[in-house]
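# Mind looking at a prediction? Sequence and model below.
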Amino acid sequence: MSASHVIIGDGIAGSSAAETIREEDPDADITVITDEGEALYNRILIKEFAKGKLPEAPISIHEPEWYEERDIDLQLNTHVTTIDTEDNEIHTHEGTVYEYDKLLLATGGTPASLASFGIDNADAGGIDHFWTFQDARSIKENVEAADQGIIVGAGLLGIDLAAICGAQELDANYLMRGECWWRYALDEEGAEILHEAMRERGVTPVFDSGVSEFETDDDGQVEAAIDPNGERYEGDWAGVAIGLSFNTEFLQDTPVETNDDGVVTDEYMRTNVDDVYAAGDLTWFYDTILGQMGQNGSWGSAKEQGSIAGQNMVEDLEAGGESDDPEEFRWVSSYSITHFDFPFLSFGHPTIGDDDAARKYSDTEWRRLALNDGKIVGGVLIGDLSQQSKFKKLMREEREVAQHKDLLLEEDVDMDKLEEATPKPE
């Protein structure tokens, strides 16, 4: 009999797993189940669509024919309700049952709503969250029709919303809880480069703010936000990006280990339950570079995790248990922002660590490296990205470099000096 692999989720993690499984086992039965109504698309580019810079067509990555050509059974608009890990069965909202030999969980997350924090009118008309292509369509339509915007969420998705307002020439107030944008990864000096770029596009950063309630009109449409200081900001459209709630509800009655950060896996993308794997945004995995559990929701990380999971699913099945030589997920992720006149890139885990090194080089050039136990664990580069490969190499090699911050902050890092001063761990 052919091996049966079922993948729940058709984002880049699930799709990469399906592709890898097909390459590794041409005879396998592969089923991909997704609750979305369209096949894999580029989540990175949907912000460009919402900005009005791209039509819909280039956003799609896989048409249904891609799955047909590879004999992959794609089930759209299908909700998984329960999983029976004893009988290796998946049950859907339509009553269909899928049996599996190996199962991959790649369901990602759903944008968190301020309603879950008790914010009045957080689900009013004219309030958008940003994650799916359908979200991008709604944002584009609503921003084009709005007179004044409100943005909430001082992170990487929030700045996408700010850029969308700028591109669509919608003046907006950007309400941030801290003293600067992405305050856990940037200091005020570095963040001000981004703040000024926002202001130039009609988006006003408002610090030490946030939302305590939304006001609505008689039709239930948003018309203003009140921040915790009692300040009122008018707006007939609001974009909220405050993180994800991971889609693990269907796992509640299973022994699969989950926590607030998603599904727990090892470095091989295996969960604690035989035959069940996980990949993508919802994984809380063992990071071999950090030497601890971690999470990373970047596109490249999810793609690599999906590929690793797919390969291990095939190899474990062939071994009749766990393979003696599984593939390990070891990855330094990166995330770039291309909204402004200067480049921006973050890598690794820039929001953690016990130390850092930062320097501003010009009005649009700044660098910060996050360090933990003397090693680079992440960083942010603004303006000049030319040194990124050097920092990623040092991170992968786990070199203890904190005592050489002067070298790390040189505009052109001398790797020979650093490698001579910091021997590579055995």
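Yep, it's here.
# Would you agree residue 417 is in contact with residue 407?
Yes: at 5.8 Å, residue 417 counts as touching residue 407 under the criterion of C-beta atoms under 8 Å. Using the backbone N, CA and C atoms, a C-beta is placed for each residue, glycine as well.
# which one of these two has more residues nearby?
More crowded of residue 417 and residue 407, by other C-beta atoms under 10 Å: residue 407, with 16 against 12.
# show me the contacts for the more buried one.
401, 413, 414, 417, 418, 421 (C-beta atoms under 8 Å, 6 or more residues apart in numbering).
# do the same with residue 116
residue 245.
# ditto for residue 290
Residues near residue 290 by C-beta under 8 Å, 6+ apart: 349, 372, 377.
# Residue 257 too?
Applying C-beta under 8 Å, 6+ apart, the residues contacting residue 257 are 263, 264, 271, 272, 273.
# mind giving me the domain split of the chain?
4-108+247-319, 114-240, 341-421 (automatic domain parsing).
# Need those domains in TSV (columns: distance to residue 335 and mean pLDDT).
As requested, those are arranged in TSV below (distance: least, C-beta to C-beta, whole Å; pLDDT from 0 to 100):
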stretch	distance to residue 335	mean pLDDT
domain 4-108+247-319	5	95
domain 114-240	6	97
domain 341-421	5	96
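# Of all the ones you listed, which one comes closest to residue 332?
domain 341-421 (4.6 Å; C-beta to C-beta).
# where exactly do the strands run in the stretch 101-250 of the chain?
Secondary structure of the stretch 101-250 of the chain (DSSP state E, counting those that start in this stretch): strands at 102-105, 109-111, 127-129, 149-152, 172-175, 203-206, 213-216, 222-226, 232-234, 237-240, 244-246.
# any chance of these in TSV, with distance to residue 303 and mean neighbour count too?
Listed next are those as TSV, based on distance: least, C-beta to C-beta, whole Å; neighbours: other C-beta atoms under 10 Å:
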stretch	distance to residue 303	mean neighbour count
strand 102-105	14	28
strand 109-111	17	16
strand 127-129	23	23
strand 149-152	28	28
strand 172-175	30	26
strand 203-206	31	19
strand 213-216	36	18
strand 222-226	36	22
strand 232-234	38	15
strand 237-240	26	28
strand 244-246	18	19
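# Could you count how many residues lie near the spatially closest residue to residue 342 that is not a sequence neighbour?
In space, and not counting its chain neighbours, residue 342 is closest to residue 364: 4.2 Å by C-beta to C-beta, 6 or more residues apart in numbering. Using other C-beta under 10 Å, residue 364 is surrounded by 17 other residues.
# Check the gap between residue 364 and residue 193 for me.
Counting by C-beta to C-beta, to the nearest Å, the gap from residue 364 to residue 193 is 6 Å.
# what does residue 13 give?
32 Å.
# Neighbour count for those two, which is higher?
residue 13 (33 against 21).
# Excluding chain neighbours, give the residue nearest to the more buried one in space.
Using C-beta to C-beta, 6+ apart, the closest residue to residue 13 is residue 280 (3.2 Å).
# Cool, thanks, signing off.
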